[in-house]
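Asks: how would this look folded up:
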Amino acid sequence: MRRIAKGITAKPITLAVILAASMPLVACGGGSSSSPTPTVSGTPTPSPSPTPSPSPPPSGNTFAATGGECDGTAGWLAIANDGLDDTQAIQTSLQQAASKGDTLTIPAGTYNINSADGVTAVIQNKSFAIIATGAVFVAGPDVNSDLIDFDVTASSFSGNCGGNDVVDIGWTGGELNISQARLSGTVPQGTGVGATTTGTPVAGTTDGLSFRGINGGGTLSTSPPLKVGAVTVRSLTVIGAPIADANRNAYFDNPRTAPAIDSTSDTWRNAGGDSGLFITGVRSALVEDSTFFGIRDASIYVSASPYDPTLGGNYVLRNNRFYGGFDGISSKRGAQNIRMEGNLFVNIVRGLSLESLSGPLRTTNGQTIERIVQPVVMKDNIFNGVQRNIQVESANDVTISGNLIRNLGARVSQADSPVRYSRYEGIVLEGVTNASVADNSIFGVEGARSTASTTVGITIGSHAGIAGTIASANVDIAASNAFSDLDSNIE
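Replies: Sure thing, here's the model as predicted:
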């Protein structure tokens, strides 16, 4: 994206002063009219409508042992609050729940996981749900993989435990604390920040809770079959870095009026682990009413399969809260049909993003054309002290509306200067076509801090796609957007 020099400081105004009516902007800020644009056929549904509903419904109790891998389970084996490593007991209980296909209610209390490999349950052929309300899972310093992972392997397609079915998975409640887990080799600025907790060997990933619906090994890697239908996650809490109660309460009680925070400890820079919640290769997913503190990478990471872009999408991410992390919600690898609404972001480097993975990952996955994401809805989110609030790459049929962006240009993640990007930006569109941007409010900071920041309300540019530059086109910036205390409103 072509960067434009800092403009004249804007007075508090609305876009109505700038534009008398809605104005289509074509290829502004980068690219040209001759740059190739994505060809999109058909009229996509304007909003995702997944129906993730775990089956069967919660029974409210741990289920009794009846013997056999597929017709029973040992129930919940781990003992809460004893200070011992519960890895194996948790592994056995979650695996039997997945194999039998039932609802497992985990008793309240604290459980410790300190195995280097964390806990992995293989998804079999039965739908299941985990109720973890009141349970706290704490990662020890030896954890060098995902803390709790539900994964598809070759055995998931073997017909074991009831046939080769597509299954639904639910997770409700619980707290996962990965603050002491080792860093993976992929976290942002991982070698420069928190190096003492980097894994040896460096882990590929150390996410809190993960659902991987596509097997990436063996003969399935080139054309993996669908295994997971709907994933539902509700009321989950993941802690990457501890957050002070005073800061937590100040923002969650009054997100629309709280001041920008200048925290020296409550950020991803002091975190362990990697992402908070990771979901890839499923038919649909709903994540709602969940909270993420100080996550070093993406608090919620949703993705299509690296091998097949149709395997992974229909993601609805709503009414979640994010504090002190690097990324809030990040969607990658061209996952289709994305809806992000009603979320709250505080002291985050990047809030909402749809990002095309660059060079090596794309070529490794055999990707030869750009994956155009469509449709996309980002609405009614609140951002307070976020560096880059909304970022969309390589997308069509995009709606960005009703978002409140406050304190743009405030100090973020202990840094006086931008952490990753060269400036502070409200909405960034790169290689985006057929987009509506309306009813958003983007406000900078007042006072001395405003002179130390370069702030831009909306930036429209091109994207360097795999097969060539993708220019933004038919982007409608409505007069209903409001701007104040920025260096530049639109570029």
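
Asks: low-confidence stretches in the chain?
Replies: Residue ranges of the chain with pLDDT under 70: 1-74, 159-164, 188-204, 215-224, 262-264, 357-368.

Asks: R449 belongs to a helix?
Replies: Yes. Looking at R449 with DSSP: H, G, I helix; E, B strand; the rest coil, it is inside a helix.

Asks: helices along this protein, start to end?
Replies: 15-18, 87-100, 245-253, 359-364 (DSSP state H).

Asks: S422 and A132, how far apart?
Replies: 42 Å (C-beta to C-beta, to the nearest Å). Using the backbone N, CA and C atoms, a C-beta is placed for each residue, glycine as well.

Asks: for the two, indicate the residue with more neighbours.
Replies: A count of neighbours by other C-beta atoms under 10 Å puts A132 above the other of S422 and A132, at 23 against 9.

Asks: once you drop chain neighbours, what's closest to the more buried one?
Replies: Nearest residue to A132, sequence neighbours excluded (C-beta to C-beta, 6 or more residues apart in numbering): G174, at 3.0 Å.

Asks: looks like the one you found contacts V138 (just checking).
Replies: No. Between G174 and V138 there is no contact under C-beta atoms under 8 Å: 11.5 Å.

Asks: so between those two, which is more surrounded?
Replies: Taking neighbours as other C-beta under 10 Å, G174 and V138 compare with G174 leading, 23 against 20.

Asks: start to end distance for stretch 461-475?
Replies: With C-alpha to C-alpha, to the nearest Å as the measure, stretch 461-475 spans 11 Å from end to end.

Asks: please renumber so the chain begins at 20
Replies: Happy to do that; since the first residue is 20 now, the last one works out to stretch 480-494.

Asks: centre of the chain to that stretch, how far?
Replies: Its chain's C-alpha centre and that of stretch 480-494 lie 23 Å apart, by C-alpha atoms, centre = their mean, to the nearest Å.

Asks: how near is the residue nearest to A151 to R253?
Replies: G193 sits at a distance of 10 Å from R253 (criterion: C-beta to C-beta).

Asks: now do F176
Replies: Noted for F176: a distance of 28 Å to R253, by C-beta to C-beta.

Asks: for V247, same thing?
Replies: From V247 across to R253, the span is 17 Å (C-beta to C-beta).

Asks: who's more crowded, the two?
Replies: V247 (27 against 18).

Asks: now do the nearest residue to that one once chain neighbours are set aside: how many residues are near it, please.
Replies: Excluding the flanking residues, the one nearest V247 by C-beta to C-beta, 6+ apart is G232, at 3.3 Å. Using other C-beta under 10 Å, the number of residues around G232 comes to 27.

Asks: for G232, what are its contacts?
Replies: Listed by C-beta atoms under 8 Å, 6 or more residues apart in numbering, the contact partners of G232 are 142, 171, 245-247, 250, 298-302, 324, 330-331.

Asks: now with 6 Å, please.
Replies: Applying C-beta atoms under 6 Å, 6 or more residues apart in numbering to G232 gives the contacts V171, K246, V247, G300, V301.

Asks: which members of those residues are the farthest-apart pair?
Replies: V171 and V301 (9.7 Å; C-beta to C-beta).

Asks: name the residue in these two with the higher neighbour count.
Replies: More neighbours surround V301 than the other of V171 and V301, with 33 against 26 (other C-beta under 10 Å).

Asks: looks like the more buried one contacts V250 (just checking).
Replies: Yes. Look at V301 against V250 with C-beta atoms under 6 Å: they come within range, at 5.1 Å.

Asks: burial count for I98?
Replies: Residues near I98, counting by other C-beta under 10 Å: 13.

Asks: now do A99
Replies: By other C-beta under 10 Å, the residues close to A99 number 16.

Asks: list the contacts for it?
Replies: G128.

Asks: let's see it at 10 Å
Replies: By C-beta atoms under 10 Å, 6 or more residues apart in numbering, the contact set of A99 is D105, I125, P126, A127, G128, T129, Y130, N131, G153, A154, V155.

Asks: give me the distance between the last one and N403.
Replies: Going from V155 to N403 by C-beta to C-beta gives 27 Å.

Asks: so for those two, which sits in the more crowded spot?
Replies: Between V155 and N403, counted using other C-beta under 10 Å, the more crowded position is N403 (27 against 18).

Asks: hmm, back to that, next, show the common contact partners of V171 and V301.
Replies: V186, F230, R231, G232, I233, L245, K246, V247.

Asks: okay, buried residues for stretch 122-134 please.
Replies: T122, L123, T124, I125, Y130, N131, I132, N133, S134 (16 or more other C-beta atoms under 10 Å).

Asks: just those: which are in strands?
Replies: Using DSSP state E, the members of the buried residues of stretch 122-134 that fall in strands are T122, L123, T124, Y130, N131, I132.

Asks: the last one against L113, yeah?
Replies: Read that as I132. No. Applying C-beta atoms under 10 Å, one finds I132 not in contact with L113, separated by 11.3 Å.

Asks: what do the two both touch?
Replies: A97, V138, I167.
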